[in-house]
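Q: the sequence and its predicted three-dimensional model are supplied below.
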Amino acid sequence: MVFTPPLPTSLDLALDLPLDLALPFGAIAPFAQRSKLQPVNIAIFGAGRWGTHLLRNFAHHPQAHVVAVVDPCAERLDAVASEFQLDQVKLTQNWAEAMNLPGLEAVAIATPAVTHYSLIRAALQQGLHVLAEKPLTLEVAEALELCHLAAWQQRQLVVDHTYLFHPAVRCGKAALYRLGSPRYGYATRTHLGPVRSDVDALWDLAIHDIAIFNYWLDAVPIQVQAQGKTWLQAPTDDPRFPNGLSDLVWVKLLYPDGFQASIHLCWSNPDKQRRLCVAGSQGTLVFDELAADAPLTLLEGRFGQGQPSAIDRHILSLDHTEPLHQVCNHFLTCIRDNQPSDISSGWLGAELVQILSALTQSLNQDGQPVCLNLEL
């Protein structure tokens, strides 16, 4: 049995879709063939920090038409209505009402992770395309079910792994050959908050760096380890986190070719860092998101008679397109062409959920290695 913890009171959304609103499993919503020039009618679920960013991007996109914004907090709805002048947009606290609007084609979901499975499943059953905030779900079986349902319904399921659309990450993959043979990697993602009450620092933060390592290496780990410490919150009844929600987590990833990566994650550290590096036989690629003047650099080093002889620093040029704008544009393209995402599909989201679940298993076993065999 899959354990589903209670929803946070701040997002007290009813998650049992009435039977008269749901299509039978396997049925395809009766939308007419759409013109590729026709804007996509989309609803935004969640008007918090990230939902507001999604709303901003879709509201200004020529290929999107925002028809509804859903949030259980009336004050947040009033705030976004004022900020974005949403006079012709349905503002509601009832997600089922929005999901049943005539002509709705897609939803963008930016709600707590614990709500993702039920909301995405209901949307797909309604024949809607879905853009979901990471992680796709908190359970592997649920993530895989959603992927199969999306394929069966012939609807697109895209996960907002924003870093996969970051110019530095895209450029970094193209430049990786300049490192020679990749040897190891390391990443640090720390800050003082925000502290989540539904997942730990592992689930909140690690997915970004794991996604980047996997993308750069074109591989997935075969073994993972994690150890953590909990200071800020008491243990919960959630069996995923029997020792509480870890504030500090150390992650180790082992890839098939022997490449190893370590990740330092913490949301109770005032030293804010967003840094990821891959070291190879001929140099190191450094992605430092907080280095505004040089977020992506290549350090080429050489040895002479056993001693370092030179280090050359190359700042790689990037475009300045907002990653989330790229996410939204990609989602709309997937809908327009009715083709699965080749960057951040539901299947990739499910793969990352499997890795995080294995890391959680290791964390709960005090760092015991857990082997993976990811075949989606």
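A: Good, I have the coordinates.
Q: quick one: end-to-end distance for stretch 157-170.
A: 21 Å (C-alpha to C-alpha, to the nearest Å).
Q: what does stretch 302-313 give?
A: 12 Å.
Q: whichever strand or helix holds A279 pairs with which strands?
A: A279 is part of strand 268-280 when elements are defined by DSSP states H and E. Strand 268-280 has the following strand partners under DSSP bridges: strand 182-192 (antiparallel), strand 284-288 (antiparallel).
Q: how many degrees apart are the helix or strand just after the last one and strand 268-280 in direction?
A: On the C-terminal side of strand 284-288, the closest following helix or strand by DSSP H and E is strand 296-304. Orientation of strand 296-304 against strand 268-280 (axes from the mean of the first three to the mean of the last three C-alpha atoms, to 10 degrees) gives an angle of 50 degrees.
Q: circling back: out of the strands paired with strand 268-280, which one sits most buried?
A: Using mean count of other C-beta atoms under 10 Å, the stretch among these with the largest mean neighbour count is strand 284-288, at a mean of 22. No exception for glycine: its C-beta is placed from N, CA and C like everyone else's.
Q: who's in contact with that one?
A: For strand 284-288, the surrounding residues in contact (C-beta atoms under 8 Å, 6 or more residues apart in numbering) are 168-169, 172, 175-176, 178-179, 212, 274-278, 294-299, 301.
Q: and the helix or strand hosting V80, what's buried?
A: Taking DSSP H and E as the criterion, V80 maps to helix 74-84. Neighbour-count burial for helix 74-84 flags R76, L77, V80, F84 (criterion: 16 or more other C-beta atoms under 10 Å).
Q: and D198, how close does it get to H116?
A: Here D198 is placed at a distance of 11 Å from H116 (C-beta to C-beta, to the nearest Å).
Q: between those two, who's got more neighbours?
A: Remark: of D198 and H116, H116 carries more neighbours, 27 against 19, as counted by other C-beta atoms under 10 Å.
Q: mind checking the SS state of the more buried one?
A: helix (DSSP: H, G, I helix; E, B strand; the rest coil).
Q: any idea of the pLDDT on it?
A: At H116, the pLDDT value in this model is 97.
Q: make 58 the starting number, not 1.
A: Noted, 58 is the first residue going forward, which turns the last one into H173.
Q: that one touches K191, doesn't it?
A: No: with contact defined as C-beta atoms under 8 Å, H173 does not count as touching K191 (9.3 Å).
Q: thinking again about what came up before, contacts for the helix holding V137 next, please.
A: Applying C-beta under 8 Å, 6+ apart, the set of residues contacting helix 131-141 is 104-105, 109, 112-113, 116, 126, 128, 143, 146, 148-150.
Q: now with 7 Å, please.
A: Identification of contacts with helix 131-141 by C-beta atoms under 7 Å, 6 or more residues apart in numbering yields A104, G105, T109, L112, A116, V126, D128, L143, L148, Q150.
Q: that one: what's the following helix or strand?
A: strand 147-149.
Q: who does that following strand touch, helix- and strand-wise?
A: Packing partners of strand 147-149 (3 or more C-beta pairs under 7 Å, 6 or more residues apart in numbering; DSSP states H and E): strand 121-127.
Q: cool, thanks, signing off.
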